[in-house]
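**Q** Quick one, fold the following:
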Amino acid sequence: MTENEYRELEEVVRLLRVKCPWDRIQTNDSIKSATLEEAYEVVEAIDENNYDELKKELGDLLLHVIFHSVIAEEMGFFTLSEVISIERDKLIRRHPHVFGELEINDHHEVKANWEKIKLSEGRQSVVDGVPKNLPALLRAYRIQEKVAKVGFEWTTSDEAFDKLIEELNELRGSLKNNDNVKAREEFGDFLFALVNFARLNKIDAEESLRIANEKFIKRFQNLEMKLKVKNKTINELSKNELLKLWSESKVDT
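**A** Alright, predicted model coming up:
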């Protein structure tokens with residue numbers, strides 16, 4: 001993209017803010033959910049290895065960056081130029097091994113130094129800055145990843161697995177006691193420990209669950225097709241018949 005192409009896109013957004021009835025009434029708050037949706041569409045295009053679609057979705061995401069910035073500028077908060085300038089300065093400041101004289105041996109040291117720099121910038125805690133609106137599994141992963149960078153980490157995968165079993169037993173105990181409030185808390189602890197175990201084994205919990213969701217959908221849709229061929233519904237099958245059909249659907253997909 002040339003500077004002129006970028007400026008032309010910016011000017012289109014500014015023109016829409018003046019002449020389009022819909023664009024004119026939007027606020028940062030009113031379009032935030034759409035911004036999140038665009039980010040997920042970028043991820044979906046990457047997952048599907050669809051670069052034609054990724055090109056389009058990145059454009060939509062870029063539009064939102066400009067749109068949010070133009071709205072903020074109109075309200076006197078900041079300009080698009082400030083957004084770009086702040087990001088450029090931040091990248092330079094957080095990469096002293098590239099733009100300074102710091103020597104770094106590998107990407108692990110880069111991550112650890114990154115968190116130290118963030119704290120020096122005024123953050124009060126290592127876990128500050130993890131967005132509250134992230135999906136819960138992804139947020140757990142990011143929290144654990146951040147504290148691990150400063151040394152708060154299990155030494156081995158086996159230790160993390162032992163913690164996982166401990167949390168599972170506590171969940172089972174709360175269920176046996178019919179303590180629903182405690183069970184919810186313990187289930188959360190179990191999920192958190194499960195994410196940690198996955199992370200230590202280089203498994204992305206959010207990605208894994210997304211894959212599992214899609215796999216289940218395909219298998220269930222296959223089951224539905226088999227039912228249509230038989231001219232039956234799920235409720236008409238016995239438990240054993242349903243399990244047999246489900247097993248067949250798993251093989252097919």
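
**Q** from here on, contacts and neighbour counts on C-alpha atoms
**A** Noted.

**Q** How far does the helix or strand harbouring L243 sit from its chain's centre?
**A** Here L243, judged by DSSP states H and E, is contained in helix 239-252. Distance of helix 239-252 from the chain centroid (C-alpha atoms, centre = their mean, to the nearest Å) equals 33 Å.

**Q** Show me what it packs onto, helices and strands only.
**A** Packing partners of helix 239-252 (3 or more C-alpha pairs under 8 Å, 6 or more residues apart in numbering; DSSP states H and E): helix 205-230.

**Q** Quick one: mean pLDDT for the helix it packs on?
**A** Here helix 205-230 scores 91 as its mean pLDDT.

**Q** go on, stretch 111-127?
**A** 83.

**Q** Tell me who's in contact with T156.
**A** L200 (C-alpha atoms under 8 Å, 6 or more residues apart in numbering).

**Q** thinking again about what came up before, same question for the helix holding L243: list its buried residues.
**A** Within helix 239-252, the residues that count as buried by 16 or more other C-alpha atoms under 10 Å are 242, 245-246, 249-250.

**Q** Now do the helices in this protein.
**A** 3-19, 21-25, 32-47, 51-74, 80-93, 96-99, 107-120, 136-149, 157-176, 180-200, 205-230, 239-252 (DSSP state H).

**Q** Now do the longest one against helix 32-47, angle only.
**A** When axes from the mean of the first three to the mean of the last three C-alpha atoms, to 10 degrees is applied, the directions of helix 205-230 and helix 32-47 differ by 80 degrees.

**Q** how far is helix 205-230 from where the chain is centred?
**A** With C-alpha atoms, centre = their mean, you get 22 Å for helix 205-230.

**Q** Tell me which other helices or strands it touches.
**A** Using 3+ C-alpha pairs under 8 Å, 6+ apart, helix 205-230 is in contact with helix 136-149, helix 180-200, helix 239-252.

**Q** Quick one: closest of those helices to E74.
**A** Proximity to E74 (C-alpha to C-alpha) singles out helix 136-149 among the helices and strands packed on helix 205-230, at 32.6 Å.

**Q** what comes up buried for that closest one?
**A** For helix 136-149, by 16+ other C-alpha under 10 Å, it's 137-147, 149.

**Q** Poorly predicted segments of the stretch 51-200 of the chain, please.
**A** Within the stretch 51-200 of the chain, no stretch has pLDDT under 70.

**Q** Please repeat the previous calculation with a cut-off of 90.
**A** Applying pLDDT under 90 to the stretch 51-200 of the chain flags the ranges 101-135, 138, 146, 148-151, 155.

**Q** A183 - nearest residue in space that isn't next to it in sequence?
**A** Once flanking residues are discounted, A183 sits nearest to S174: 5.1 Å by C-alpha to C-alpha, 6 or more residues apart in numbering.

**Q** which residues touch K146?
**A** 115, 126-127.

**Q** For the residues you listed, pick the one with the most neighbours.
**A** Counting neighbours by other C-alpha atoms under 10 Å, the top entry in those is E115, with 20 neighbours.

**Q** Now do the contacts for it.
**A** E115 neighbours (C-alpha under 8 Å, 6+ apart): 126, 146, 149-150.

**Q** okay, now the domains of this protein?
**A** 3-93, 136-203, 207-252 (automatic domain parsing).

**Q** and the closest residue to L54 other than its chain neighbours, how many residues sit next to it?
**A** Of all residues not flanking L54 in the chain, A45 sits nearest, at 5.1 Å (C-alpha to C-alpha, 6+ apart). Neighbour count of A45, defined by other C-alpha under 10 Å: 18.

**Q** Also the one 3 residues further on?
**A** A count of nearby residues for E48, using other C-alpha under 10 Å, gives 10.
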